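In: What shape does this take:
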Amino acid sequence: MICVSRKHADLGRIPHVEHLVLIDGHHLMYRAYWAIPRTLTTRAGEQVNTVFGMASMILSILKTEQPDRLVICFDAGEETFRHEENATYKEGRAETPDDFYTQIPRVLELIDAWGIPHAKNTKYEADDLLCAYAKAAVENGDRVTIVTGDRDAFQLASDKVRISIPHSGYSQPEYMGPDEIYAKYGIRPDQVPAYKGLTGDSSDNLPGVKGIGPKTAADLLQQFDTLEGVYEHLADIRPSVRAKLEADKESAFFCQRMARLVCDFELVPPYADVRLSSIDAARIMEFFDAMEFTMLKRRFTEFAKTPYGAALAGDAVLAMVSQVFGDDVTQQALF
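Out: Residues are numbered from 1 along each chain as shown. Below is the predicted model:
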């Protein structure tokens with residue numbers, strides 16, 4: 001006779017914890033642009049490598065993460081409050097090729113075809129939107145996966161929030177939580193702004209403290225916990241490092257402030273409106289037809305046959321795609 005304890009029997013009654021997936025839109029677009037050959041065009045000559053890469057990764061993210069809620073966050077392309085405080089913020093970045101920008105309207109068409117909520121704010125960066133939506137999700141009792149390669153998002157990691165760094169499209173995501181961040185960088189998520197205050201961040205044109213590298217920054221924060229704590233204990237720090245800290249104190253605190261994400265502002269769309277309850281399969285297939293993405297049509301068909309995909313797409317999609325491909329449809333993936 002097999003006995004099942006009440007503890008294990010009750011596992012079946014554990015309520016479902018909803019899963020929010022947040023996507024750093026521009027980061028994913030850049031990855032798509034550089035990953036897919038720029039020679040990929042339609043027969044009419046329209047360049048679509050970024051569009052194809054984004055569509056492929058969205059399919060992979062949906063299949064892998066199976067979100068209940070989903071938002072793609074974008075920069076608005078305008079100066080934010082950080083630019084108002086620092087005129088040189090993000091200066092020095094390599095110029096983005098023109099053929100990246102020309103594909104943005106098509107990427108937005110793709111997202112609209114999927115019916116995926118997307119957000120931008122003229123005062124805040126996409127990273128701040130990730131922060132604000134993650135905060136709303138945690139307050140709602142949900143768990144969160146943030147898809148980005150931007151280390152600024154590491155400060156959001158917690159027992160409810162993980163960062164997913166895409167690799168090989170999205171076939172090998174690298175998940176970063178508090179333990180992984182500490183193992184790799186020697187700091188806690190809440191110490192990320194202080195860490196950047198010390199080391200700086202060349203991608204955002206933040207100088208930090210000249211001569212302080214990642215190891216020294218991590219050692220200082222492990223010993224003194226915060227940037228304020230570091231400067232309160234200058235007398236306890238060896239002279240060579242103390243001199244660097246004293247010389248660039250203003251820069252350290254300024255860069256910490258620039259690196260700290262902002263979460264407290266009104267969300268548009270609001271959190272209640274970002275549920276992914278269904279997708280319009282016919283509209284997606286029409287878009288793939290227009291872009292001549294035959295491979296992605298096949299992959300979408302396979303996705304629609306999974307329990308999660310079928311719940312989103314509905315039974316009608318199977319009849320529709322079987323007319324196009326027949327019943328024997330195999331999955332093909334570039335990523």
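In: Next, the buried residues of stretch 16-33.
Out: By 16 or more other Cβ atoms under 10 Å, the buried positions in stretch 16-33 come out as 19-33. (C-beta placed from N, C-alpha, C; glycine too.)
In: Just the terminal-to-terminal distance for it.
Out: In stretch 16-33, first residue to last residue: 36 Å (Cα to Cα, to the nearest Å).
In: same question, stretch 113-122
Out: Span of stretch 113-122 from end to end, Cα to Cα: 24 Å.
In: got it, and stretch 31-39?
Out: Using Cα to Cα, the two ends of stretch 31-39 sit 16 Å apart.
In: any idea of the mean pLDDT in that stretch?
Out: Mean per-residue pLDDT for stretch 31-39: 96.
In: just stretch 186-202 next, same as before
Out: Stretch 186-202 carries an average pLDDT of 96.
In: Filter the buried residues of stretch 16-33 down to just the ones in strands.
Out: His19, Leu20, Val21, Leu22, Ile23, Asp24 (DSSP state E).
In: pLDDT at the fourth one, what is it?
Out: According to the per-residue confidence, Leu22 scores 98 in pLDDT.
In: Identify the bridge partners of it.
Out: Applying DSSP bridges to Leu22 gives these bridge partners: Val71, Ile146.
In: So it versus Asp204, what's the distance?
Out: Using Cβ to Cβ, to the nearest Å, Leu22 is found at 20 Å from Asp204.
In: Looks like Leu156 contacts Pro189 (just checking).
Out: Yes. The criterion here is Cβ atoms under 8 Å, and Leu156 meets it with Pro189 at 6.8 Å.
In: of those two, who's got more company?
Out: Between Leu156 and Pro189, counting by other Cβ atoms under 10 Å, Leu156 is the more crowded of the two (25 against 20).
In: How about the contacts made by Ala113?
Out: Neighbouring residues of Ala113 by Cβ atoms under 8 Å, 6 or more residues apart in numbering: Asp280, Arg283, Ile284, Glu286, Phe287.
In: try 6 Å
Out: Arg283, Ile284, Phe287 (Cβ atoms under 6 Å, 6 or more residues apart in numbering).
In: Compute the distance from the centre of stretch 280-287 to the centre of its chain.
Out: 25 Å (Cα atoms, centre = their mean, to the nearest Å).
In: With stretch 62-77 instead?
Out: So, by Cα atoms, centre = their mean, the centroid of stretch 62-77 is 8 Å from its chain's centroid.
In: If you count neighbours, what's buried in that stretch?
Out: 62-63, 65-75.
In: Check stretch 163-177 too.
Out: For stretch 163-177, by 16+ other Cβ under 10 Å, it's Ile163, Ser164, Ile165, Pro166, Gly169, Tyr170, Pro173, Met176, Gly177.
In: re earlier: make CSV out of the contacts of Ala113 and add secondary structure and distance to Ala137.
Out: Shown next, in CSV, are these (DSSP: H, G, I helix; E, B strand; the rest coil; distance: Cβ to Cβ, whole Å):
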residue, secondary structure, distance to Ala137
Arg283, helix, 27
Ile284, helix, 26
Phe287, helix, 29
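In: now, which of these sits nearest Lys184?
Out: Ile284 (37.2 Å; Cβ to Cβ).
In: for this protein, which spans come out with low pLDDT?
Out: Within the chain, the segments meeting pLDDT under 70 span 1-14, 78-94, 315-335.
In: Which parts of it are strands?
Out: Counting by DSSP E, the strands of the chain are 19-24, 69-73, 118-119, 143-147, 161-165, 174-176.
In: Quick check: which of those strands is nearest to Phe265?
Out: strand 118-119 (11.2 Å).
In: quick one: the closest one to chain centroid distance?
Out: Worked out by Cα atoms, centre = their mean, strand 118-119 lies 13 Å from the chain centre.
In: Same check on stretch 104-123?
Out: That offset, for stretch 104-123, works out to 14 Å (Cα atoms, centre = their mean).
In: Also stretch 150-170?
Out: On Cα atoms, centre = their mean, the centre of stretch 150-170 falls 7 Å from the chain's centre.
In: give the contact list for the closest residue to Ala157 other than its chain neighbours.
Out: Leaving aside its chain neighbours, Ala157 sits nearest to Pro189 (4.3 Å; criterion: Cβ to Cβ, 6 or more residues apart in numbering). When contacts are counted by Cβ under 6 Å, 6+ apart, Pro189 touches Phe154, Gln155, Ala157, Pro178, Ile181.
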